[in-house]
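**Q** please work out how this folds:
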Amino acid sequence: MTTETDFLLGITQNNYTVLQQIYRESLPRIVQYIQKNSGTTDDAKDVFQEAIMVIYRQIQHKKLTLTTSFHVYLFSVCKNNSSSIKIKCKVIINESTEPSFLHLPLVDFDGLFSLPPTYLIPHSH
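**A** The predicted model follows:
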């Protein structure tokens with residue numbers, strides 16, 4: 001049985017088995033919540049990934065003390081971030097300074113964390 005501490009350590013140590021368990025146990029609930037609130041599965045995956053990063057940063061800065069189960073806390077972080085994810089994704093590009101490629105983080109939700117950290121997306125003009 002995985003404890004709350006195991007989840008937190010798994011995130012900080014990038015433990016594939018623990019991360020996979022977190023995704024398997026929590027992502028479906030997040031997808032359901034986001035879709036119920038007019039979002040897509042991709043939106044839910046973005047929100048979920050951002051929440052994992054928020055928790056990682058909180059652990060690194062010693063600003064996280066769990067007073068509830070890990071999964072409940074993760075859901076609350078996702079819920080709080082779900083409204084801001086679309087705002088963060090909107091990019092206004094000045095045509096005169098537009099780069100030919102955008103560097104974006106890549107997360108492979110089927111093979112969790114097994115891909116390179118970035119990929120290139122050609123920009124259409």
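**Q** quick one: the strands in this structure, in order.
**A** Here the chain has its strands, by DSSP state E, at 101-105, 118-122.
**Q** how about the helices in the protein?
**A** Assigned helices in the chain, in chain order: 4-12, 16-36, 41-60, 70-89 (criterion: DSSP state H).
**Q** the inter-axis angle of the second one versus helix 4-12?
**A** Between the axis of helix 16-36 and that of helix 4-12 there is an angle of 90 degrees, by axes from the mean of the first three to the mean of the last three Cα atoms, to 10 degrees.
**Q** helices and strands around helix 16-36, which ones?
**A** helix 4-12, helix 41-60, helix 70-89 (3 or more Cβ pairs under 8 Å, 6 or more residues apart in numbering; DSSP states H and E). All C-beta atoms are positioned from the backbone trio N, CA, C, and that covers glycine.
**Q** now do that helix against helix 41-60, angle only.
**A** Using the same axes, to 10 degrees: helix 16-36 against helix 41-60 is 130 degrees.
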